[in-house]
Every structure is written in structure tokens, then in C-alpha cells.
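>>> have a look; sequence and predicted model below, questions after that.
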Amino acid sequence: MLFNELNLIAPVLQALEEEGYVKPTPIQEKSIPSVLAQRDLLGCAQTGTGKTAAFTLPMLQLLHQAQQAQPAHKGRRPIQGLILTPTRELAIQIGESIRAYGRHLHLRHHVIFGGVSQVPQVQAIQKGIDIMVATPGRLLDLMQQGYIRLDDIRFFVLDEADRMLDMGFVHDVKRVIAKLPAKRQSLFFSATMPNEIIQLANMLLTDPVKVEVTPASSTVDIIQQSIYFTDRKMKQDLLIHLLQDHTIETVLVFTQMKHAADKLAKTLNKAGIRAEAIHGNKSQNARQNALENFKRRTTRVLVATDIAARGIDIDELTHVVNFDLPNVPETYVHRIGRTGRAGASGVAISFCDSGERDYLKDIQKLIRKDIPVVTGHAFEGGLVQEEPLPSQMQGRFGQNRNRGGGGQRQQPNGNGRAMNGNSHGQKRSSNSSNRNGNGGGSRRFQSSGQATAGRPFHEQPY
């Protein structure tokens, strides 16, 4: 199916063509017709599947058509579209998508979030906007000050609902929903659907169309996952060792704590690896500069906490490293979803020390998949196998049998950029005893160990 088969209006199709997009992703193909039919929608899809375009495209069209049918507003233009999202980075990216897709429409939008002065945001609101993209805290703050009213909202989007829950925003979201008019169209998007999210959706939506692209909490099959058992004190050395492969251009590394992100970035820089940290204690300007440096590949490694990384969307980001395993298994799904976006291949590596074994059990139970173990590397520790594991894949880590590709796939990925599903090729070592970790040619991690694709390390299959 092509975008011109989805009953989108000419100005929107023209913008898509100028962005180089021809074919919609599955979530877009399934969502756009229902939204244009003015139905409420419950969408469940992993990150990187094009959810942003799935709701921005029809929202822009519906608001444009309503604008054309009504006389010009007298006085300040009321806010008619509200998109609520958990982080400032994601809010900014949604704003960029609205700007790109709505460039030929006479609709005004603005992005509001905390951590910066509210003065420019208030000035934009007072001039009049049609669409607002907001984070919960700053939105409620400006509502309490009397700068924002939601009485005229016709179109409401709750994006990344599960992350809202993880970040403790659920009560703020409910306060916003309570101020919305009863007559509205609501869209609800989430990568996972735990019970709390289902309850929130039931409160928000009326007879919704349900769209699910992949099963809840499943991981993208084309992402090559692996686990390294090591001691906590050896994690930094292990990461530096893996990054000796200079064909790996960009790596997103996750830590649990803000201070750990700063410390790791400092250590990597001392080792000659250009790295920056991004987390909630950084100023908005510092976070945006670090993100832009990463996108331009002047920074090779971006070390991030989960909250700061939400909404990061980098073209062809091939590698994600879980330096610390998350204690919430759903977070693992979100993290590795930063790579393997819009059909591209990706690699997700996790380090596990003895204190994280329960986290790994929970993750494997959630994703219903055994994460292959890399054994025999120089930094092995923390967890020792009591007996050999079956089905060992010999050779250096990074040999992904599922990584193929071919062809260009130009699709909206939520931030107005084309995603390329090109294969980076494969070079398999014919010498399984080669444990130098050298060589390369392909953009993937290589190690001195061997990946085990048998049962999980805890021996009892789920």
C-alpha cells in the first residue's frame, strides 16, 4: 500500500513526497483510516514502528478540514489538538514531525516542556496555536497559572503511555484527562499493555479501534541480542574492549543512575573514546547539544538514563548496550527498541553481574526468548555456569544469522527522517578458535568469546 491510497489530502501527500516517504509502516497503514473516520484508537506497537506519523498525519488533516469549514477565529486561536508525551526529547521530535508533515497547512503548533523558561512558551500560546505538544508537568503548571485552557480540544493523543506510568506521571495524566471536553477524539499509544495501562485506556477511550502491530512486550526479531556475564568492577573495561572495533560508529549505552552515566562518559573519554552523557540533571541545552553531536556522529557513544533516552530516534543506530540491566523488564524492550527501527537491523548487548541475575530472569520471561550468552571472553565473571550449555555458536560475537537486508525502505519513523534497511554485510570467521577479537569489516561488536544460543543461564526454561 502507498500513502496516496490512505485518503490523505494533497497538501499532506505533498509534504510526505518532499520528505521522501512513499509506503506507510504497518502501524500507519492500520491506524490512519480509522483516525480519519474519527474513531478513538488504542494502538500497541514497539518503538521505531512509526507511531508518531500514525497520529500526526490524520490529526493534521482533520484539524485542517475543520479549519476550512469554519470562519476565521476572532481573537486568540483556541488549542484544538493536544499531544501529551513523557519527555522533552520526544516532545521536540513530535514537534519536528508536525512541522515537516504540516508545512503546506495553515496550522500553528508549539512544544512546551519544563526545564526551560516558560516565557517563550506563554508568548506562543498567547499568539494562538492550533496544536500543542506537551509534557505533563509543564502543561499542568501553565494550566494552573491560567495560560492554558483545554475547553476546545477536539483531538487528544496520549503517547508512550507505559513510559508515563514508569515515570510516575499517571496521576498527572488523569488530571489532564479530567479537564478535557467530553466530546473529543482520543488516541492512545503504548509499546506495552500492562493492566494499569489498560485501565487508563478504558477511562480515556470510547469504543476504540484496536491496532496491534506486534505482540505486547515482544522484541523485534531482527535485533541480535546477547548477554555478557561479568563482574561489576569489570564492566567499564569490557565496554572499552568491545569499542576497539572502530567500524562501530555510534553506540547508545544505558545506565541506571545519573552519576553512573557521567562517570562512564568520563572514563570512555579518558580511554580515547568520544562520549557524552545525557540525563535529567543536564540542562535542556546540554541535552540537545549532546543529542545533536550524537546524530552528527561527532560523539561516538551516548551514555543515557532511561528517562533521558525516551524519544531518542537516531537514523541507523545499530548498537545498544545495557551497561546496567533494568530492574523493570519492560524497560529492556524500550531500550533495545532504540535500534532495529523501521525494519533496519540492530545489535543489543547486555552486561550482567551477580546482582542482576533476577533482572535477567524477568526480562527473559517477559520477552519469551532466551538471550544468547557470550562465553570465553577475557572479562567473564559474576555468574558461572554449573554445566556446559548446549547449542553453542562458535566464532566471534556479532555473527547474526538473521541480519540480511537489501533495498531502501523509506517510511516515516516519527521524526521526519527516512530509515534505510540496508544490509551491512556479513563476514563470518572460519576459525572458531580465534579469540583475539580483532578484525572486522562489518558494523557490529566483536568479542573474544562465543555466543551460546541454548537455554537461559538459569537452566530452567520458562
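On my side now, so go ahead.

>>> every contact and neighbour count from this point should use C-alpha atoms.
Fine.

>>> low-confidence regions, the stretch 201-350 of the chain specifically.
For the stretch 201-350 of the chain, the stretches flagged by pLDDT under 70 are 214-221, 307-315, 340-344.

>>> show me the helices in it, by range?
235-242, 258-270, 284-295, 306-309, 329-336 (DSSP state H, counting those that start in this stretch).

>>> who's in contact with the third one?
If I follow you right, that is helix 284-295. 89, 115-116, 250, 276-279, 299-302, 314-315 (C-alpha atoms under 8 Å, 6 or more residues apart in numbering).

>>> reformat the helices of the stretch 201-350 of the chain as a markdown table; add distance to residue 194 and mean neighbour count.
Formatted as a markdown table, those follow (distance: least, C-alpha to C-alpha, whole Å; neighbours: other C-alpha atoms under 10 Å):
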| stretch | distance to residue 194 | mean neighbour count |
| --- | --- | --- |
| helix 235-242 | 32 | 17 |
| helix 258-270 | 27 | 17 |
| helix 284-295 | 30 | 17 |
| helix 306-309 | 19 | 21 |
| helix 329-336 | 9 | 23 |
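
>>> so for residue 195, which of these sits nearest?
helix 329-336 (13.0 Å; C-alpha to C-alpha).

>>> who's in contact with the closest one?
46-47, 191-192, 217-219, 223, 254, 306, 320, 322, 325-326, 348, 359, 362-363, 366-367.

>>> stretch 97-117 too?
11-12, 15-16, 19, 52-53, 56-57, 60, 64, 87-88, 91-92, 95, 121, 124-125, 128-139, 283-284, 414-416.

>>> ok, now with 7 Å
The contact list for stretch 97-117 (C-alpha atoms under 7 Å, 6 or more residues apart in numbering) reads 11-12, 15-16, 56-57, 60, 64, 88, 91-92, 95, 121, 129-135, 137-138, 283-284, 414-416.

>>> buried set for that stretch?
97-102, 107-114 (16 or more other C-alpha atoms under 10 Å).

>>> next, count neighbours for residue 281.
12 (other C-alpha atoms under 10 Å).

>>> ok, residue 15 next?
Neighbours of residue 15 (other C-alpha under 10 Å): 18.

>>> swap in residue 296?
12.

>>> where is the longest helix in the protein?
When the chain is scanned for its longest helix (criterion: DSSP state H), the result is helix 51-69.

>>> show me what the very next helix or strand once past that one is packed up against.
Counting by DSSP states H and E, the next helix or strand C-terminal to helix 51-69 is strand 81-84. Where contact means 3 or more C-alpha pairs under 7 Å, 6 or more residues apart in numbering; DSSP states H and E, strand 81-84 is packed against strand 131-134, strand 155-158.

>>> tell me which of the ones you listed sits most buried.
Comparing the helices and strands packed on strand 81-84 by mean neighbour count (mean count of other C-alpha atoms under 10 Å), strand 131-134 comes out on top with a mean of 24.

>>> now the helix or strand that that strand is followed by: mean pLDDT?
Per DSSP H and E, the first helix or strand lying C-terminal to strand 131-134 is helix 136-144. The average pLDDT within helix 136-144 is 96.

>>> in helix 136-144, what counts as buried?
Buried residues in helix 136-144 (16+ other C-alpha under 10 Å): 136, 137, 138, 139, 140, 142.

>>> do the same with stretch 248-257
248, 249, 250, 251, 252, 253, 254, 255, 256.

>>> quick check, the fourth one in contact with residue 323.
No - at 11.5 Å, residue 251 does not count as touching residue 323 under the criterion of C-alpha atoms under 7 Å.

>>> return every residue with contacts to both of these two.
Contacts common to residue 251 and residue 323, judged by C-alpha under 7 Å, 6+ apart, are absent.

>>> just the CA trace of stretch 139-153, in PDB.
Output of stretch 139-153 as PDB, limited to C-alpha atoms (Å, rounded to 0.1, in the frame of the first residue of the first chain):
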ATOM      1  CA  LEU A 139       1.200  21.600  31.000                       C
ATOM      2  CA  LEU A 140      -0.400  21.400  34.400                       C
ATOM      3  CA  ASP A 141       1.800  24.300  35.600                       C
ATOM      4  CA  LEU A 142       0.600  26.600  32.800                       C
ATOM      5  CA  MET A 143      -3.000  25.400  33.300                       C
ATOM      6  CA  GLN A 144      -2.800  26.300  37.000                       C
ATOM      7  CA  GLN A 145      -1.400  29.800  36.100                       C
ATOM      8  CA  GLY A 146      -4.400  30.300  33.700                       C
ATOM      9  CA  TYR A 147      -2.400  30.400  30.500                       C
ATOM     10  CA  ILE A 148      -3.900  27.200  29.000                       C
ATOM     11  CA  ARG A 149      -7.500  26.000  28.800                       C
ATOM     12  CA  LEU A 150      -8.500  22.700  27.300                       C
ATOM     13  CA  ASP A 151     -12.200  23.500  26.700                       C
ATOM     14  CA  ASP A 152     -11.800  23.500  22.900                       C
ATOM     15  CA  ILE A 153      -9.700  20.300  22.500                       C
END
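
>>> so what touches that stretch?
78, 79, 80, 81, 82, 122, 179, 180, 181, 184.

>>> can we see that at 10 Å?
For stretch 139-153, contacts defined as C-alpha atoms under 10 Å, 6 or more residues apart in numbering pick out 77-82, 84, 112-114, 118, 121-123, 125-126, 130-134, 137-138, 172-173, 175-185.

>>> endpoint to endpoint, stretch 351-361 covers what distance?
13 Å (C-alpha to C-alpha, to the nearest Å).

>>> mean confidence score for it?
Rounded mean pLDDT across stretch 351-361 is 94.

>>> now do the buried residues in it.
351, 352, 353, 356, 357, 359, 360, 361.
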